[in-house]
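**Q** here is my input, please return the structure:
(one chain, ligands or ions: 3)
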Amino acid sequence: MSDQPHTPVLDRVTTPDDMKSMSDAELRQLADELRAETISAVSVTGGHLGAGLGVVELTVALHAVFDAPKDKIIWDVSHQCYPHKILTGRRERIRTLRMEGGLSGFTKRSESPYDPFGAAHSSTSISAGLGFAVARDLGGEGGDAIAVIGDGALSAGMAYEAMNNAGHLKKRLIVILNDNEMSIAPPTGAMSSYLSRLYAEEPFQEFKAAAKGAVSLLPEPFREGAKRAKDMLKHMTVGGTLFEELGFSYLGPIDGHDMDQLLSVLRTVKARADGPILIHAITKKGKGFAPAEAASDKGHATAKFDVVTGEQKKSPSNAPSYTSVFANSLLDQAAKDPKICAVTAAMPDGTGLSKFMERYASRCFDVGIAEQHAVTFAAGLAAGGMRPFCALYSTFLQRGYDQVVHDVAIQRLPVRFAIDRAGLVGADGATHAGSFDIGYLANLPGFVVMAAADEAELVRMVATAAAHDDGPIAFRFPRGEGVGVEIPEDAVPLEIGKGRMIREGSKVAIVSFGTRLQEVMRATEALEAKGISPTVADARFAKPLDRDLILGLAGTHDALICVEEGAVGGFGSHVAQLLADEGVFDRGLKFRSMVLPDTFIDQADPKRMYTVAGLNAEHIEAKVLEVLDVGQIGAKRA
Ligand SMILES: Cc1ncc(C[n+]2csc(CCOP(=O)(O)OP(=O)(O)O)c2C)c(N)n1
Ligand SMILES: CC(=O)[C@@H](O)[C@H](O)COP(=O)(O)O
Ligand SMILES: [Mg+2]
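**A** Ligands and ions are numbered 1, 2, ... in the order given. Next comes the predicted model:
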C-alpha cells in the first residue's frame with residue numbers, strides 16, 4: 001500500500017465521473033483502497049479474486065482517463081470486473097456478488113450501463129470492441145471501444161479472427177493485453193512464450209523513462225503537444241511484433257501496476273490513437289494479497305476466506321466430487337491402455353486432468369483456451385489410432401460445436417467427450433450452465449450420449465467410453481459432490497443403449513436421465529406415503545435410446561414422465577419422438593417431459609436454481625400427481 005493521505009477517496013466515488021477531478025496522487029490512493037475493498041468483498045462472497053486484483057490500477061486508470069459509459073470498456077471473460085463494478089455504481093451491492101438476486105460475477109448488460117457487453121466465456125472482447133467501433137463510425141453509439149483481454153484468453157482463435165479483421169478495417173480500437181503470465185493454470189503454448197519474450201527483451205525501465213517523459217508532455221498533447229505525443233507513441237512501439245503485422249500499433253510492454261505509466265499512456269492513446277492499437281500491460285494476478293500471490297492459481301477463484309490469514313472457509317465434503325471420480329477412473333483406464341490420452345482446454349484442475357498430466361505427461365494435452373482446436377485435435381488423435389478423452393465443461397464445448405459435427409461425428413471418429421459441469425452450476429450463473437449438450441449431441445447421427453446418475457455410474461461410463469471404438473461417445477456429469485455411493489473397483493463397460501430398472505411400480509413410470517435420479521427417488525418416497533408407487537428407470541443413454549425399456553414402460557403404464565438436467569430438445573424430446581413414431585400416443589399414453597425451462601437462470605445455490613427450474617423432488621411429485629389427476633400439491637416453479 002502506498003504512503004498516501006488517509007481520507008478515503010473511494011467513498012467519494014459513486015460513478016467514474018467522480019474520479020475525473022482527482023489528482024494522480026488521489027488516483028493512486030484510490031487504487032489502494034479499491035484493492036482493499038475488493039479483497040474485503042470477496043472474503044464474504046467468494047469468487048474470482050486474483051484476476052481483479054491484477055487489474056486494480058488498470059481499472060482506475062481506464063475510468064479516470066476514458067468516459068464510460070459513453071466509452072465502452074469491455075472486459076474479456078469479465079471475471080476480473082469486480083473493481084470495475086465497485087467504481088461504477090455497484091459498491092453498495094458488491095457483497096451480493098454471485099448470490100441469488102445479487103450482482104453477477106461477470107459483466108452483464110442488464111445490470112449496468114457501464115457493462116456494455118456481457119461475457120464469461122473468453123476471448124470475445126476484441127470482436128465485440130470492433131463491433132462497437134464500427135457501429136460508432138456508422139453513426140451508432142459514439143465513444144471509444146476498449147477491449148481488455150488476458151494473455152490466457154489470447155490463446156483462443158477468436159481473438160486472432162478479431163485482430164485480423166480489425167487490422168483490415170483500421171478503425172480506432174484500443175486493445176489492452178493484460179499479461180499476467182497466468183491463465184487459470186500456468187498458460188501453455190507458443191503464444192504465451194512469445195509474449196514472455198516480448199517483455200523479456202524490452203525492460204520496463206526504458207519504457208518507464210519514456211512514459212515519465214509523456215507525463216511532462218501532458219496535459220498539452222491535446223493541443224500543441226499532440227505531435228510530440230504522436231512521435232512518442234511511434235518511438236515506444238517495439239518494431240516487428242505479431243500485433244503490428246496484424247495491423248495494430250503496439251505499445252509496451254508497460255508496468256500495469258504503475259499508475260504514472262498507465263495514466264500517461266492511456267491519456268496519450270486517447271488523444272492520439274487513429275487506428276487499432278494494442279497496449280501490452282504486464283500485471284500480477286493476485287497482486288497485493290499475499291495468500292493469492294502465493295497460491296498456485298494466484299487466487300483465481302476462492303471460497304469465502306479470512307482476510308488476515310487468507311484461509312478459505314470450505315464446507316466439508318461428504319463424497320468425492322464427480323470431477324475427481326472421473327479423473328481417477330480415467331487414470332485406471334489409462335494404466336491399462338497406453339492409447340488413452342486426454343485433452344483439456346485450459347482447465348487441467350477444473351476437469352481433474354492435472355492428475356493425468358502428472359502421471360502420463362506425454363499423453364495429456366492442455367491446449368489453452370481453444371475448445372474448437374481441442375475437439376479437432378482429439379479427432380486427429382482418434383484418426384491416428386489413439387483413444388482420446390476430450391474433457392470439457394458442457395458450456396465451453398458449445399464453442400467447439402461445428403468441430404463436433406464436422407470433424408468428429410461425420411467422420412464417426414471415436415472421440416470420448418467427458419462433459420463436466422453438466423446442468424446448472426450455481427454461482428457462475430447462466431453463462432456457465434451446462435444446459436444444452438444433450439440436445440446438441442443427441443441429434444447427431446452415430447453419437448452415443450450418456451449421463452451418469454451417480455458416481456458409480458460415472459465410473460462405468462468412463463469404462464464404456466474407453467471400450468467404445470465405434471464412433472463418438474459422450475458422458476455428462478454435474479459440478480460438485482457425488483451422492484456417496486460405493487465406487488466399483490473394476491468397472492465393467494455398459495451395454496450401449498441399455499438403461500436399467502431402479503424400482504417396479506405401477507400406473508406411472510418415471511425415466512430419469514442423469515443425476516436427477518436422486519430427486520426422482522425422493523419424490524417416489526413422498527408418493528409412496530400417498531399410496532402411489534411409481535416405476536423408476538435410469539435411462540443411462542439418450543442416444544441410442546433403450547427402445548425396449550421405454551416402449552415396455554409405455555405399454556404397461558398409464559403415464560410416462562422423463563426427467564433430465566437439460567434444455568428442451570434433449571432426452572425427453574427423443575423419447576417423445578420415439579413414442580410418436582411408434583404410435584404410442586394414439587393408444588392414450590400420458591406423457592410429460594421435465595426439462596430446464598426456456599429461460600436463462602441467474603446465479604443462485606444450485607438447489608435453488610433447480611427449484612427455479614422446477615426440477616426438484618417436490619416438482620416431480622407434483623408432476624406425478626398432476627398426470628395421474630390426483631390433485632395438485634402446489635409445488636410450482638419459483
Ligand atoms: C471459452 C472459455 N473457456 C474456458 C474458460 C475458463 N476460464 C475462465 S478465466 C480463464 C483464464 C483466463 O486467463 P486470462 O485471460 O489470462 O485472464 P486472467 O485470469 O489471467 O486475468 C479460463 C480458462 C472460459 N471462461 N471461456
Ligand atoms: C471464469 C471461469 O470461466 C472459470 O473460472 C469458472 O468460473 C470455473 O468454474 P468452476 O468453479 O466450476 O471450475
Ligand atoms: Mg492471464
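**Q** spell out which parts of the stretch 1-150 of the chain neighbour ligand 3.
**A** Contact residues (Cβ under 5 Å from the ion) of the stretch 1-150 of the chain with ligand 3: residue 150. C-betas here are computed from N, CA, C, even on glycine.
**Q** give me the secondary structure label for the residue nearest to residue 87 when sequence neighbours are not counted.
**A** Computed as Cβ to Cβ, 6 or more residues apart in numbering, the closest residue to residue 87 that is not its neighbour in sequence is residue 63, at 5.4 Å. Under DSSP: H, G, I helix; E, B strand; the rest coil, the three-state class of residue 63 is helix.
**Q** what about the closest residue to ligand 2 within the stretch 451-600 of the chain? Give its phi and psi, please.
**A** Minimum separation of the stretch 451-600 of the chain from ligand 2 (Cβ to the nearest ligand atom) falls at residue 479, amounting to 5.2 Å. Per-residue torsions, residue 479: phi -70, psi 150 (degrees, to the nearest 10).
**Q** quick check: what element follows the helix or strand of the chain with the lowest mean pLDDT along the chain?
**A** Least confident helix or strand, the chain: helix 226-236 with a mean of 46, by mean pLDDT, DSSP states H and E. Scanning forward in sequence from helix 226-236 by DSSP states H and E, the next helix or strand is helix 242-245.
**Q** in its sheet, what does the following helix or strand past that next one sit against?
**A** Per DSSP H and E, the first helix or strand lying C-terminal to helix 242-245 is strand 249-255. Next to strand 249-255 in the sheet, as set by DSSP bridges, lie strand 276-282 (parallel).
**Q** list the contacts of the strand it pairs with.
**A** The contact list for strand 276-282, computed with Cβ atoms under 8 Å, 6 or more residues apart in numbering, reads 58, 163, 166-167, 170-180, 195, 198-199, 204, 243, 247-256, 262, 265-266, 269.
**Q** give me that answer again for 7 Å
**A** With contact meaning Cβ atoms under 7 Å, 6 or more residues apart in numbering, strand 276-282 is reached by 58, 166-167, 170-171, 173-179, 198-199, 243, 247-256, 265, 269.
**Q** is the next helix or strand after that strand in proximity to ligand 1?
**A** Later in the chain than strand 276-282, the nearest helix or strand by DSSP H and E is helix 290-294. No: using Cβ under 6 Å from any ligand atom, helix 290-294 never reaches ligand 1; the gap is at least 11.6 Å.
**Q** is any residue of the helix or strand following helix 290-294 near ligand 2?
**A** Counting by DSSP H and E, the next helix or strand C-terminal to helix 290-294 is helix 322-336. No: using Cβ under 6 Å from any ligand atom, helix 322-336 never reaches ligand 2; the gap is at least 8.4 Å.
**Q** ok, residue 505 - contacts?
**A** 533-535.
**Q** so what pLDDT did the residue nearest to residue 87 get?
**A** Per-residue pLDDT puts residue 63 at 98.
**Q** surely it and residue 16 touch.
**A** Yes: with contact defined as Cβ atoms under 7 Å, residue 63 reaches residue 16; the gap is 3.9 Å.
**Q** so residue 398, which state does it fall into?
**A** helix.
**Q** give the closest residue to it in space, chain neighbours not counted.
**A** residue 436 (6.6 Å).
**Q** repeat that for residue 112.
**A** Excluding the flanking residues, the one nearest residue 112 by Cβ to Cβ, 6+ apart is residue 88, at 5.9 Å.
**Q** pretty sure that neighbour is touching residue 15, no?
**A** Yes: the pair residue 88 / residue 15 is scored as a contact, 6.3 Å apart, by Cβ under 7 Å.
**Q** more crowded one of these two?
**A** residue 88 (24 against 17; other Cβ atoms under 10 Å).
**Q** so who does that one touch?
**A** By Cβ under 7 Å, 6+ apart, the contact set of residue 88 is 15-16, 68, 112, 114.
**Q** contacts only, for residue 532.
**A** By Cβ under 7 Å, 6+ apart, the neighbours of residue 532 are 624, 628.
**Q** need the pLDDT of it.
**A** Reported pLDDT for residue 532: 97.
**Q** distance of it from residue 552?
**A** 20 Å (Cβ to Cβ, to the nearest Å).
**Q** repeat that for residue 48.
**A** From residue 48 across to residue 552, the span is 48 Å (Cβ to Cβ).
**Q** looking at these two, which is more packed in?
**A** Using other Cβ under 10 Å as the criterion, residue 48 and residue 552 rank with residue 48 on top: 25 against 14.
**Q** my read: the more buried one touches residue 104, true?
**A** No: taking contacts as Cβ under 7 Å, residue 48 lies outside contact range of residue 104: 11.4 Å.
**Q** is there proximity between the longest helix along the chain and ligand 1?
**A** Counting by DSSP state H, the longest helix found in the chain is helix 24-45. No: counting by Cβ under 6 Å from any ligand atom, no contacts exist between helix 24-45 and ligand 1, the nearest distance being 13.6 Å.
**Q** pLDDT of the helix or strand containing residue 550, averaged?
**A** According to DSSP H and E, residue 550 maps onto helix 547-556. Mean pLDDT, computed over helix 547-556, is 98.
**Q** tell me the buried residues in the helix or strand following it?
**A** Using DSSP H and E, the helix or strand that follows helix 547-556 towards the C-terminus is strand 559-564. By 16 or more other Cβ atoms under 10 Å, the buried positions in strand 559-564 come out as 559-564.
**Q** what does stretch 534-550 give?
**A** In stretch 534-550, counting by 16+ other Cβ under 10 Å, buried: 534-543, 545-546, 549-550.
**Q** tabulate those residues (JSON lines), appending distance to ligand 1 and secondary structure.
**A** Formatted as JSON lines, these follow (distance: Cβ to the nearest ligand atom, whole Å; DSSP: H, G, I helix; E, B strand; the rest coil):
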{"residue": "534", "distance to ligand 1": "40", "secondary structure": "coil"}
{"residue": "535", "distance to ligand 1": "41", "secondary structure": "strand"}
{"residue": "536", "distance to ligand 1": "36", "secondary structure": "strand"}
{"residue": "537", "distance to ligand 1": "35", "secondary structure": "strand"}
{"residue": "538", "distance to ligand 1": "31", "secondary structure": "strand"}
{"residue": "539", "distance to ligand 1": "29", "secondary structure": "coil"}
{"residue": "540", "distance to ligand 1": "28", "secondary structure": "coil"}
{"residue": "541", "distance to ligand 1": "28", "secondary structure": "strand"}
{"residue": "542", "distance to ligand 1": "24", "secondary structure": "strand"}
{"residue": "543", "distance to ligand 1": "25", "secondary structure": "strand"}
{"residue": "545", "distance to ligand 1": "31", "secondary structure": "coil"}
{"residue": "546", "distance to ligand 1": "34", "secondary structure": "coil"}
{"residue": "549", "distance to ligand 1": "36", "secondary structure": "helix"}
{"residue": "550", "distance to ligand 1": "35", "secondary structure": "helix"}
